[in-house]
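> Return a 3D structure for these sequence lines:
(chains A and B)
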Protein chains: 2
Amino acid sequence: MTDGAARLGRFHTPHGIIATPVFAPVGTQATVKALRPRDLEEMGADMILSNTYHLYLRPGDELIRDMGGLHAFMGWNRPILTDSGGFQVFSLSKTRKIDDDGVTFRSHHDGSSHRFTPEKSIAIQENLGSDIIMMFDECADPNDYNYLKQSLARRTHPWALRCIEAKTRSDQALFGIVQGGIFRDLREESAAFLSRLDLPGYAIGGLAVGESKADMYQVLDWMHPVLPHDKPRYLMGVGAPEDLVNGVLRGIDIFDCVLPTRLARHSSVWIPGDRLNLRNARFERDGAPIMDSCTCYTCRHFSRAYLRHLVKANEILGHILLTTHNVHFLLDLMRQMRSAIAEQRLEAFAHDFLSLYPAVEVASQ
Amino acid sequence: MTDGAARLGRFHTPHGIIATPVFAPVGTQATVKALRPRDLEEMGADMILSNTYHLYLRPGDELIRDMGGLHAFMGWNRPILTDSGGFQVFSLSKTRKIDDDGVTFRSHHDGSSHRFTPEKSIAIQENLGSDIIMMFDECADPNDYNYLKQSLARRTHPWALRCIEAKTRSDQALFGIVQGGIFRDLREESAAFLSRLDLPGYAIGGLAVGESKADMYQVLDWMHPVLPHDKPRYLMGVGAPEDLVNGVLRGIDIFDCVLPTRLARHSSVWIPGDRLNLRNARFERDGAPIMDSCTCYTCRHFSRAYLRHLVKANEILGHILLTTHNVHFLLDLMRQMRSAIAEQRLEAFAHDFLSLYPAVEVASQ
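Below you'll find the predicted structure:
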């Protein structure tokens, strides 16, 4: 079912069906920070993302394979999506050296030397046993046209073919990743190339890396008509509430982001249209919950005054309760959008929700 | 019901009935570290302890009073016991100065100067609104006979009278604290003095502060015949599994200790007769739970290998899951002892359990 460009979908995996549009909380090191699998299930999380780069380095993908795969290892029996490791190699590791065959890098833990290639990334993701695996791509500066053009031709696109070739498991869905920065012709060329490969899903990569919101939304507008309509579309690394709404409005089906967990660890919680920093002295005697209308465990049981105390006292329970609220906030927003699409009223819902945020002007097509 | 010196009891409070013998997890700063109130309820915790010294300094007992009291503030609707603040003043604060009226000390947070007296301790505990409150006593070197004798006569005993005098709330049970170190005559004198005050419960203080286990158990043996039989007996600050069993065998009804939560934060978990440090390399590929027979959330869902990974990666979930196991271990041990008393088989239970621990010889009476 569609409502404008927005779509309601069901993506089947060996660990269950994902109702889209969906937000996947991030469990970088085989745990969504401060939450138990049971808590995520109770909040209605359909899928989580975990990071190939981190798990390869620690505890090691072969150890996880030997312990029965990532689902068994971390006690999460619903779908898992793993990234390719590429983004983390480019953003976290030291002294990386990229060539047309792959990337050599040093671990951010101990400086040891490692090499990722498309084949290696797929092999690691097969050891992890995630339900959705991602092709290994190059994450380049979204504003450097000439570099991006070369990167598509010499790396991202040939690497997509090598990933398909390297894949041996039939129970994992390999998604392609459209690159091309903020340039329409490169994005369209990348989408066209990958579409021809008839993959089970397509990600839009290289966004949320510092470009403006207007640029990001415009890339999504360009992608809507050119990506296959019957395959899920995944906007990688995006999780600000207003971006989820703008993404769904533009046909995005899957999102992931560290934002809800990371903000929580910095004492920051979402309310519609704003973020509260609970360290602030104005919450010292505030007996209200974070959000009156929120049904999360935190808002049903605890005041801002108590949460502020926990945060000031650096108590683990502060991380737990703030993370619970932020993750619930996004999962609930996705639920509301799925209902709105089902009832053909997404535009009105989005208009109301986005009226609380600064306006973003996107150039017309 | 009794079984030897052990007793099965029910202590009534405004927030429910406590089935004794009971272990109270410690929530120093108005949170049992890494656990939600809901988790504690599910594990069957009947009561928690919270610390007067810490809450007075942060967030302040008047703030907690204004937010509806400690139960409402921290979202815990079952009984709470607060200590008097005395032990923390003696163990945590800097440059304390004790006189027969009270103690002046500096905050361990910011060095600010404060003064606790018996009246002040009661006033703070009345602001907190806990169900069981403790008299303000002096915690002195358990081996210094002359000092202890003076301390009983000039502080602990007169302070008990001042606490009773200062108390204004009728919904809180004020417990006395027997002091006297490792000396039988002082302990008996203190027990006799406090017994005459007809308090609703009696604590045995000044133990688990470095004396031998044999000395501690011997003090309990001395106390059994001289404390009122119909009042609960509380062994403060004791929580090693073998000490809980030895305490119950000697008529103790209430225990509290930071050990299960503190050990968990140091990667250490209990199994019968031993402790495992999950950082150890031997657990790297250990697919077994911490304890096969344990029914806690952690043991039902996660392997030692996964827990080791969490601990090595310094993940919050590691603290959560290890704390869950350790607290459950003690709560379950108390449940097993309550059943054993009810079925008149505590001696056999204790014999089996203690056979896993080093023998402790206690001098006969």
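
> Let's verify A:G239: helix, strand, or coil?
When classified by DSSP: H, G, I helix; E, B strand; the rest coil, A:G239 comes out as coil.

> Revised request: answer the last question for A:F349.
Applying three-state DSSP: A:F349 is helix.

> Leaving out sequence neighbours, find the closest residue to it.
Excluding the flanking residues, the one nearest A:F349 by CB to CB, 6 or more residues apart in numbering or on different chains is A:A340, at 4.0 Å. From N, CA and C alone the C-beta is placed, and that goes for glycine too.

> Test my guess that the one you found contacts A:H351.
No: contact status for A:A340 versus A:H351: not in contact, 10.8 Å apart, counting by CB atoms under 8 Å.

> Comparing these two, which residue is more hemmed in?
Neighbours per residue, other CB atoms under 10 Å in any protein chain shown: of A:A340 and A:H351, the larger number sits with A:A340, 21 against 11.

> Which residues are in contact with that one?
A:A340 is in contact with A:D3, A:L346, A:A348, A:F349, A:A350, counting by CB atoms under 8 Å, 6 or more residues apart in numbering or on different chains.

> Equivalent analysis for A:V248, please.
A:V248 sits next to A:A6, A:P21, A:M337, A:I341, A:L346, A:A350 when contact means CB under 8 Å, 6+ apart.

> Helices - which of those residues land there?
Counted as lying in helices by DSSP state H, out of those, are A:M337, A:I341, A:L346, A:A350.

> Tell me how far the second one lies from chain B.
When distances are taken as CB to the nearest CB, to the nearest Å, A:I341 and chain B turn out to be 33 Å apart.

> before we move on, what about A:G16?
Where chain B is concerned, A:G16 sits at a distance of 18 Å (CB to the nearest CB).

> give me the element the spatially closest residue to that residue that is not a sequence neighbour is part of.
In space, and not counting its chain neighbours, A:G16 is closest to A:R78: 5.4 Å by CB to CB, 6+ apart. Under the assignment given by DSSP states H and E, A:R78 is not contained in any helix or strand.

> what about A:R78, distance to A:T261?
17 Å (CB to CB, to the nearest Å).

> repeat for A:V22
To A:T261, A:V22 is 17 Å away according to CB to CB.

> give me phi/psi at A:F116?
Torsion angles at A:F116 (phi, psi; degrees, to the nearest 10) stand at phi -110, psi 140.

> who touches it in this structure?
By CB under 8 Å, 6+ apart, the neighbours of A:F116 are A:Y53, A:G85, A:G86, A:V89, A:G102, A:V103, A:F105, A:F136.

> The fifth one: neighbouring residues, count only.
The criterion is other CB under 10 Å. On that basis, A:G102 has 21 neighbouring residues.

> any idea of the pLDDT on the nearest residue to it once chain neighbours are set aside?
Spatial nearest neighbour of A:G102, chain neighbours left out: A:T117 (3.3 Å); criterion: CB to CB, 6+ apart. For A:T117, the pLDDT comes out at 97.

> A:T117 reaches A:D100, doesn't it?
No: look at A:T117 against A:D100 with CB under 8 Å: they stay out of range, at 10.3 Å.

> List the buried residues of the helix or strand of chain A with the lowest mean pLDDT.
None of the helices or strands of chain A scores lower by mean pLDDT, DSSP states H and E than strand A:94-98, at a mean of 83. Applying a neighbour-count criterion of 16 or more other CB atoms under 10 Å in any protein chain shown, one finds A:R96, A:I98 buried in strand A:94-98.

> and that strand, which strands flank it?
According to DSSP bridges, strand A:94-98 forms sheet pairs with strand A:103-106 (antiparallel).

> Those residues of the stretch 1-150 of chain A touching chain B, which are they?
A:29-31, A:33-38, A:58-59, A:63, A:66-68, A:73-75 (CB under 8 Å from any CB of the partner chain).

> Any chance of JSON lines for the contacts of A:F116, columns secondary structure, pLDDT and distance to B:H229?
Formatted as JSON lines, the contacts of A:F116 follow (DSSP: H, G, I helix; E, B strand; the rest coil; pLDDT from 0 to 100; distance: CB to CB, whole Å):
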{"residue": "A:Y53", "secondary structure": "helix", "pLDDT": "97", "distance to B:H229": "65"}
{"residue": "A:G85", "secondary structure": "coil", "pLDDT": "95", "distance to B:H229": "67"}
{"residue": "A:G86", "secondary structure": "helix", "pLDDT": "91", "distance to B:H229": "72"}
{"residue": "A:V89", "secondary structure": "helix", "pLDDT": "91", "distance to B:H229": "70"}
{"residue": "A:G102", "secondary structure": "coil", "pLDDT": "96", "distance to B:H229": "77"}
{"residue": "A:V103", "secondary structure": "strand", "pLDDT": "95", "distance to B:H229": "75"}
{"residue": "A:F105", "secondary structure": "strand", "pLDDT": "94", "distance to B:H229": "71"}
{"residue": "A:F136", "secondary structure": "coil", "pLDDT": "98", "distance to B:H229": "74"}
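
> ok, back up a step: between A:T117 and A:D100, who's got more neighbours?
A:T117 (18 against 12).

> Let me see the backbone angles for the more buried one.
phi -130, psi 170.

> Also A:G16?
phi 120, psi 170.

> Report the contact partners of it.
Applying CB under 8 Å, 6+ apart to A:G16 gives the contacts A:D46, A:N77, A:R78, A:P79.

> Count the neighbours of the second one for me.
Residue neighbour count, defined by other CB under 10 Å, stands at 12 for A:N77.

> That one touches A:P14, doesn't it?
No: if you go by CB under 8 Å, A:N77 and A:P14 don't touch, sitting 10.4 Å apart.

> Can you tell me the SS state at the most centrally placed residue in chain A?
Against the mean C-alpha coordinate of chain A, by CA atoms, centre = their mean, the closest residue is A:D256 at 1.7 Å. Here A:D256 is recorded as strand under three-state DSSP.

> wait, isn't it in contact with A:T28?
No: between A:D256 and A:T28 there is no contact under CB under 8 Å: 10.8 Å.

> quick one: the residue nearest to A:G102 and A:R162, what's the gap?
Distance, A:T117 to A:R162, by CB to CB: 8 Å.

> what touches both of those two?
By CB under 8 Å, 6+ apart, the residues touching both A:T117 and A:R162 are A:F136.

> quick revisit: and of the contacts of A:F116, the nearest to chain B?
Of all these, A:Y53 has the smallest distance to chain B: 13.3 Å, by CB to the nearest CB.

> got the residue ranges for the strands in the stretch 51-200 of chain A?
Under the criterion DSSP state E, counting those that start in this stretch, strands of the stretch 51-200 of chain A are mapped to A:80-82, A:94-98, A:103-106, A:113-116, A:132-134, A:173-178.

> And the stretch 251-365 of chain A, by the same measure?
Going by DSSP E, counting those that start in this stretch, the stretch 251-365 of chain A shows strands at A:254-257, A:268-271, A:274-277.

> Let's have those strands in CSV, adding mean pLDDT.
Converted to CSV, the strands of the stretch 251-365 of chain A look like this (pLDDT from 0 to 100):
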stretch, mean pLDDT
strand A:254-257, 98
strand A:268-271, 98
strand A:274-277, 98
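
> Tell me which of those strands lies nearest to B:V226.
B:V226 lies closest to strand A:268-271 among those, at 54.2 Å (CB to CB).
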